[in-house]
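Enquirer: When you get a sec, could you give me coordinates for this:
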Amino acid sequence: MNNSRPKAKLSRALGIALTPKCVKYFERRPFPPGQHGRARKKPSDYSVRLLEKQRLRHQYNISETQLRRIYAVAQKSSGKTGERLVIELECRLDALVLRAGFARTIYQARQLVNHAHFLVDGRKVNIPSYRVKPGQIITVRDKSRAMLPFQVAAAGAHQNSVTAPYLATGLTDLSTTLIREPQRAEIPVICDEQLIVEFYSR
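Expert: Sure thing, here's the model as predicted:
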């Protein structure tokens, strides 16, 4: 489903660091992989839009099918389609687990959700794409709290210096609440969503 290329190589192809570990590799070689990576021709309009779409898709670690499905939801929503697309993606359970500081990367967040380590409003949820609604509470299951990844998370190892303003997170009790829908400007993903709208509208 998702691209299995090494994350550092994929980061260079997309022009963004997909994981904290990739940052140093990307800074050392900030150009696309391959022998012609430094001397690429001027990209076409299509390739520019395609790159933005791929950037967004890989930052959330989702398939093309999933992105198209969420785009269709965004089209039917009020407001700008591009902004709604990013907001819908950000309200996925795996994305909020990452933003809350319960996981180091989106890949780890997805794996932890898949392995049923989280409750939403007290109910076990093991679907990374689960759409969290404002007011819902995400907690780590009691059985899982003693595991090393959650001990590390509770110590604040993954929490950014600037926390997501749409979450109320308690690291010590490993819980977070989506207090409201995020605004596009608050979501730390790198993409020009208007180009993605143009890509799907062509």
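Enquirer: Show me the helices in the protein, by range?
Expert: With DSSP state H as the criterion, the chain has helices at 7-14, 22-28, 45-59, 64-76, 81-90, 93-99, 106-114, 148-154, 193-201.
Enquirer: Let's see the fourth one as PDB, backbone CA atoms only.
Expert: Meaning helix 64-76. Coordinates of each C-alpha in helix 64-76 appear next as PDB, following Å, rounded to 0.1, in the frame of the first residue of the first chain:
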ATOM      1  CA  GLU A  64      -3.400   7.100  -3.000                       C
ATOM      2  CA  THR A  65      -6.800   5.500  -2.600                       C
ATOM      3  CA  GLN A  66      -7.100   6.800   1.000                       C
ATOM      4  CA  LEU A  67      -6.100  10.300  -0.200                       C
ATOM      5  CA  ARG A  68      -8.600  10.300  -3.000                       C
ATOM      6  CA  ARG A  69     -11.300   9.200  -0.600                       C
ATOM      7  CA  ILE A  70     -10.500  12.000   1.900                       C
ATOM      8  CA  TYR A  71     -10.300  14.500  -1.000                       C
ATOM      9  CA  ALA A  72     -13.900  13.500  -2.000                       C
ATOM     10  CA  VAL A  73     -15.000  14.200   1.600                       C
ATOM     11  CA  ALA A  74     -13.200  17.600   1.500                       C
ATOM     12  CA  GLN A  75     -14.900  18.600  -1.700                       C
ATOM     13  CA  LYS A  76     -18.400  18.100  -0.100                       C
END
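Enquirer: Highest average neighbour count across the helices of the chain: which stretch is it?
Expert: A comparison of these by mean neighbour count, using mean count of other C-beta atoms under 10 Å, puts helix 93-99 on top with a mean of 26. Where you see a C-beta, it was placed from the backbone N, CA and C, and this is true even at glycine.
Enquirer: Just give the closest residue to the most centrally placed residue in the chain, not the sequence neighbours.
Expert: With distances taken as C-alpha atoms, centre = their mean, residue 60 lies nearest the centre of the chain, 3.3 Å away. Spatial nearest neighbour of residue 60, excluding adjacent residues (C-beta to C-beta, 6 or more residues apart in numbering): residue 89 at 5.0 Å.
Enquirer: pretty sure the one you found contacts residue 70?
Expert: Yes - using C-beta atoms under 8 Å, residue 89 is in contact with residue 70, at 6.1 Å.
Enquirer: Quickly list what's touching both of these two.
Expert: Residues touching both residue 89 and residue 70 by C-beta atoms under 8 Å, 6 or more residues apart in numbering: residue 62.
Enquirer: how about low-confidence regions in this protein?
Expert: Applying pLDDT under 70 to the chain picks out residues 1-5, 21-41, 160-162.
Enquirer: Relative to residue 95, how far out is residue 174?
Expert: Applying C-beta to C-beta, to the nearest Å, the value for residue 174 to residue 95 is 17 Å.
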